[in-house]
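Enquirer: Sequence first, predicted coordinates after that:
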Amino acid sequence: MLPDGRDAFVARALSARLAERSIDTQYYMWHQDTLGRLLIKELIDAADRGVRVRLLVDDIYGRDGQDTWLAMDAHRQIEVLLPSP
């Protein structure tokens, strides 16, 4: 557990930057705010380096970013899963 959201974001972004083979991440709720978009960028950058990214967004609001999830899922190194409500 990290003490605050800023530390948690930095840890996730740094982990994505340092990833060499794969990233498996799961979120209950993903906000399409500044930090959410920055983390998406880190995941896409990792995928562009050849890292396999698997993202599970178990979110009743996940459909709000459906265009983002579809675009990410189109990347050959990214798999996005949005379970049906």
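Expert: Yep, it's here. Numbers count the residues shown, from 1 in each chain.
Enquirer: The chain: helices as residue ranges?
Expert: Along the chain, counting by DSSP state H, helices occupy 5-18, 34-48, 66-73.
Enquirer: Verify the contact between residue 15 and residue 24 for me.
Expert: No - contact criterion Cβ atoms under 8 Å: residue 15 and residue 24 do not qualify, at 11.0 Å. Backbone N, C-alpha and C define where each C-beta goes, glycine included.
Enquirer: quick revisit: right, so of the helices of the chain, which gets closest to residue 84?
Expert: Each of the helices of the chain has some distance to residue 84 by Cβ to Cβ; the shortest is helix 66-73, at 12.9 Å.
Enquirer: Tell me how far that closest one lies from the chain's centre.
Expert: 11 Å (Cα atoms, centre = their mean, to the nearest Å).
Enquirer: Same list, the helices of the chain, but as CSV with mean neighbour count and mean pLDDT please.
Expert: What follows is the helices of the chain, written out as CSV (neighbours: other Cβ atoms under 10 Å; pLDDT from 0 to 100):
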stretch, mean neighbour count, mean pLDDT
helix 5-18, 13, 93
helix 34-48, 16, 95
helix 66-73, 14, 90
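Enquirer: Pipe those helices into CSV and attach distance to residue 81 per row.
Expert: Shown next, in CSV, are the helices of the chain (distance: least, Cβ to Cβ, whole Å):
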stretch, distance to residue 81
helix 5-18, 18
helix 34-48, 14
helix 66-73, 9
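Enquirer: Of all those helices, which one comes closest to residue 82?
Expert: Per Cβ to Cβ, nearest to residue 82 of these: helix 66-73, 6.1 Å.
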